[in-house]
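A.B. asks: sequence plus the predicted model coming up.
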Amino acid sequence: MKKRFVPAALFCALCLCACGQEAPAEPRPSPSSSPAATEYVISAQESTEDILALASVPSLEEIDGRQSREYEALLSLYKARPDCRVLWNYEFQGTEYPNTTQELKVTELEGLEDALRYLPELNYVDVIDSPAGVEDLDRYSAIRPDIFYYWSFVHDGFTIRTDIQCYSTLRDVDYHRFTDDELYPMLKYCKRLKALDLGHNDLTDLSLIGELSELEVLILADNPNLVDASPLANLENLIYLEFFMNHKVEDYSFLNSLTKIRDLNLCYCDNLGNLDFLENMPEISFCMFKYSGIDQETADYWQQQYPEANFVLYDGNIHSCDSGWRDTERNAKIRYAFTCWRHVMEYNHYDDVLFDFNGYNY
């Protein structure tokens, strides 16, 4: 007869039963929870409500909506979840563009307004070969003011491109004071200007100039009806400012923000009152304030604070741009660029300008 061996576990169980005790139940394995989904693909059939509901799924890191045409919902989801990569394609004039498209060139304007809405990462739109006028640009800018629109328009007999970097209204003949309205397209859409001469005009609203954040050189002298200069406080890169003969301006607190200024002309600014703003201008090298209500004691004090700078209160010369103002190397380079503005190819810095004298660029 064959001997049978009883497994140890079973033997123990039998013994416990014989003693009137139940065998302990084997431990039940705990269920493992599934990891939360990090990606999701939206089908073509999913509704606006389905798409918007995805904003409440915090684990999602990428949502692929390229099968969907619910653009408004996709855009809302994109804005609601900046931490999540939301993808879709938008069809514009027969071509599909990913929503991550940054540059767009168009020759026809149909459908462009919707493209501006549903391609949220656009930062450059080329409409220079399209029939776009200033009214069209105003509509587009109202939808997407953050975009640079490469475009051209006619001003003062010149065709001006919006990528212009240097411009001057000063002419040898036909002296004309331009108004805000006449300069509107340039100040609104030429966002890359670095040197701008609008002296001897009739400006009253500087709000658009205050948005030209790349400006390094600015001439606003002799705008007789100008009262509010506060928008200039935004021009933190300004190193050169001619602001003389603006008799109606009373508040000069904007100067406190111009901490990179080197050359500053405030002659005949009747309400200047003090030079306290110089405390915030560590790089100042030339400052003129003739006939601006500044006394000798104040001028001497600031000259002591900046012994290397040239401060001119009054030296017997009544002209705003004499007394050495036009004699510096920086001034000569700045004036040369303004004189030749139509030949400027690239304006990197007042002393780093690329000219092309083989033809006019504007």
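C.D. replies: Cool, got the structure.
A.B. asks: verify the contact between Asp156 and Leu170 for me.
C.D. replies: No: contact criterion C-beta atoms under 8 Å: Asp156 and Leu170 do not qualify, at 11.1 Å. Every residue, glycine included, has its C-beta placed from N, CA and C.
A.B. asks: what mean pLDDT does stretch 104-119 get?
C.D. replies: Stretch 104-119 carries an average pLDDT of 98.
A.B. asks: tell me how far the ends of it are from each other?
C.D. replies: 10 Å (C-alpha to C-alpha, to the nearest Å).
A.B. asks: and what of stretch 197-214?
C.D. replies: Start-to-end, stretch 197-214 (C-alpha to C-alpha) is 14 Å.
A.B. asks: likewise stretch 199-206?
C.D. replies: 13 Å.
A.B. asks: how about stretch 161-175?
C.D. replies: 23 Å.
A.B. asks: list the buried residues of that stretch.
C.D. replies: Across stretch 161-175, burial judged by 16 or more other C-beta atoms under 10 Å covers 162-169.
A.B. asks: which two of those have the greatest separation?
C.D. replies: Among the buried residues of stretch 161-175, the pair separated by the greatest distance (C-beta to C-beta) is Asp163 and Thr169, at 18.7 Å.
A.B. asks: quick one: what helix or strand has the closest residue to Asp163 other than its chain neighbours in it?
C.D. replies: Leaving aside its chain neighbours, Asp163 sits nearest to Arg192 (5.6 Å; criterion: C-beta to C-beta, 6 or more residues apart in numbering). Using DSSP states H and E, Arg192 sits within no helix or strand.
A.B. asks: what sits closest to His155 if chain neighbours are left out?
C.D. replies: Met186 (6.0 Å).
A.B. asks: what backbone torsions are found at that neighbour?
C.D. replies: Note on Met186: backbone dihedrals following degrees, to the nearest 10 are phi -70, psi -50.
A.B. asks: adjust the sequence numbering to begin at 39 for everything that follows.
C.D. replies: Fine by me, first position is 39 from now on; the one you just mentioned is Met224.
A.B. asks: you'd agree it is up against Tyr205?
C.D. replies: Yes: between Met224 and Tyr205 there is a contact at 6.9 Å, judged by C-beta under 8 Å.
A.B. asks: which neighbours do these two share?
C.D. replies: Ile198 (C-beta atoms under 8 Å, 6 or more residues apart in numbering).
A.B. asks: if I pick the residue nearest to His193, what's in contact with it?
C.D. replies: 191, 193, 198, 202, 205.
A.B. asks: in TSV: the residues you listed, plus distance to Asp394, pLDDT and secondary structure.
C.D. replies: Output for the contacts of Met224, formatted as TSV (distance: C-beta to C-beta, whole Å; pLDDT from 0 to 100; DSSP: H, G, I helix; E, B strand; the rest coil):
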residue	distance to Asp394	pLDDT	secondary structure
Phe191	21	96	strand
His193	20	94	strand
Ile198	16	96	strand
Ile202	14	97	coil
Tyr205	16	97	strand
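A.B. asks: need the max-distance pair from the residues you listed.
C.D. replies: Longest span within those, C-beta to C-beta: Phe191 and Tyr205, 12.6 Å.
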